[in-house]
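*Asks:* 3D model of this:
(one chain, ligands or ions: 2)
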Amino acid sequence: MSSTEEIIGRADVNDLDAILAIENPHIHETIHAVRDNAEAIFTWDYEKGARPALAKLYEKSKGAMWNAETDLDWSQDVDQEELAKTGLQNKPDRDLEGTPFEIWTDKQWVDLDIQMQNWALSQFMHGEQGALICTAKIVETVPWIDAKYYAATQVMDEARHVEVFAKYLDDKLSGHYPMNAHLGLLLDDIINDSRWDMTYLGMQIMVEGLALAAFGFLHQLTNEPLLKQMLRYVMSDEARHVAFGVLSLKEYYSELSDAEMMERQEFAFEAAVRMRDRMLFQKEVWEHFGVDPKTAIELLRTTPEADMFKQMLFSKIVPNCKKLGLLDPNDGWLRKRFQEIGVIQFEDWINTDDEYEQFSLENMTDAPKVAAAS
Ligand SMILES: [Fe+2]
Ligand SMILES: [Fe+2]
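*Replies:* Ligands and ions are numbered 1, 2, ... in the order given. As a prediction, this is how the structure comes out:
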């Protein structure tokens with residue numbers, strides 16, 4: 001069993017200096033190469049439907065393809081200032097006298113909301129490319145034909161997701177940000193790992209579980225019609241992707257030893273902390289405004305709303321980890337870690353295998369609420 005320091009490089013998960021010390025060393029590269037350490041697996045067992053739940057998902061996916069160019073109305077104008085007003089507000093409801101923000105004008109706060117939006121959608125775009133690459137790797141490495149079939153449809157979905165976020169950023173918003181360091185570290189770790197199930201655990205369960213919650217949150221919050229519709233389309237795919245992870249790993253994890261489960265528990269914890277770090281510490285945006293990131297985070301990111309948002313991001317991950325049997329082996333190791341980072345309260349919420357069909361486009365007008373408990 002490894003220590004927190006061995007897993008995430010610091011002993012205290014909340015050590016702000018250590019979190020901010022992590023830099024993206026590849027910021028000026030046009031491409032970034034990662035060794036994926038895996039063997040491509042052929043299977044000669046072509047029996048379709050040997051895993052009925054995966055076969056059902058594959059059939060659903062074939063009927064749920066949408067076209068990013070023609071199904072969304074890109075002709076509509078987006079007023080980014082208006083859009084920023086319906087997003088998460090960064091100006092806190094408290095006195096900022098004596099802080100670097102006391103001289104900030106309303107215009108600066110609006111600019112901050114706009115940059116935060118550019119930042120958030122850029123990270124979604126980079127994460128989508130991570131999903132594209134991870135799922136292409138799953139096509140190669142998973143030994144089951146039903147999973148290869150399904151993963152191939154997910155590759156197409158992810159291409160479409162990269163496409164829509166890039167197009168929205170280019171045509172409707174006002175600038176890209178590079179990959180956040182914590183997200184980059186996590187994606188590299190997922191791709192590096194030679195074991196096929198770790199790709200699923202890192203991507204489908206952790207990254208996509210968080211994305212599904214975050215997209216749902218944003219979808220509820222925004223009134224901008226194009227973004228709202230785009231997120232709804234993306235969520236319909238994402239819910240299937242997370243269900244794919246749960247369905248595939250459930251079978252595999254039921255046969256692993258405690259020692260093997262320990263490695264998965266540690267990996268899930270590492271991913272959880274990296275994603276928490278990436279969602280909360282928009283260091284790149286503070287640097288854009290010439291504000292010391294630590295000061296900004298301590299002043300603006302420690303509000304009850306920020307804490308609540310941070311926790312909500314785990315509302316899909318925790319029940320899915322529970323369904324996979326990851327919380328309790330090895331003396332409840334992952335349960336204790338989730339308690340430490342304040343997210344264990346979601347364990348009995350609905351898991352994505354049970355709810356993914358509610359997200360389908362047939363239920364288009366009726367997006368499931370992110371906060372809908374089971
Ligand atoms: Fe995606
Ligand atoms: Fe996805």
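*Asks:* Which stretches in the protein count as strands?
*Replies:* For the chain, strands defined by DSSP state E do not occur.
*Asks:* Leaving out sequence neighbours, find the closest residue to the residue in the stretch 1-150 of the chain that ligand 2 sits nearest to.
*Replies:* Using Cβ to the ion, Ala131 is the residue of the stretch 1-150 of the chain that sits closest to ligand 2, at 4.5 Å. Backbone N, C-alpha and C define where each C-beta goes, glycine included. Closest residue in space to Ala131, ignoring its immediate chain neighbours: Glu158 at 4.5 Å, by Cβ to Cβ, 6 or more residues apart in numbering.
*Asks:* Verify the stated contact: the residue of the stretch 1-150 of the chain closest to ligand 2 with Met203.
*Replies:* Yes. Look at Ala131 against Met203 with Cβ atoms under 8 Å: they come within range, at 5.9 Å.
*Asks:* These two: who's more crowded?
*Replies:* Met203 (30 against 27; other Cβ atoms under 10 Å).
*Asks:* give the contact list for the more buried one.
*Replies:* Gly130, Ala131, Cys134, Thr135, Ile190, Gly245 (Cβ atoms under 8 Å, 6 or more residues apart in numbering).
*Asks:* Same list, these, but only the ones touching ligand 1.
*Replies:* Among the contacts of Met203, proximity to ligand 1 is found for Ala131 (Cβ under 5 Å from the ion).
*Asks:* number of nearby residues for Thr295?
*Replies:* 13.
*Asks:* Verify the stated contact: it with Gly98.
*Replies:* No. Using Cβ under 8 Å, Thr295 is not in contact with Gly98, being 11.5 Å away.
*Asks:* Relative to Lys137, how far out is Lys322?
*Replies:* According to Cβ to Cβ, to the nearest Å, Lys322 stands 26 Å off from Lys137.
*Asks:* Spatially, and excluding backbone neighbours, which residue is closest to the residue in the stretch 151-300 of the chain that ligand 2 sits nearest to.
*Replies:* Here the residue of the stretch 151-300 of the chain nearest ligand 2 is His241; by Cβ to the ion that distance is 3.7 Å. Nearest residue to His241, sequence neighbours excluded (Cβ to Cβ, 6+ apart): Glu208, at 5.1 Å.
*Asks:* For the stretch 151-300 of the chain, which residues are neighbours of ligand 1?
*Replies:* Glu158, His161.
*Asks:* Spell out which parts of the stretch 151-300 of the chain neighbour ligand 2.
*Replies:* Going by Cβ under 5 Å from the ion, the residues of the stretch 151-300 of the chain near ligand 2 are Glu208, Glu238, His241.
*Asks:* would you list those in JSON lines and tack on distance to Thr30, neighbour count and pLDDT?
*Replies:* Formatted as JSON lines, these follow (distance: Cβ to Cβ, whole Å; neighbours: other Cβ atoms under 10 Å; pLDDT from 0 to 100):
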{"residue": "Glu208", "distance to Thr30": "26", "neighbour count": "34", "pLDDT": "96"}
{"residue": "Glu238", "distance to Thr30": "28", "neighbour count": "30", "pLDDT": "96"}
{"residue": "His241", "distance to Thr30": "28", "neighbour count": "30", "pLDDT": "96"}
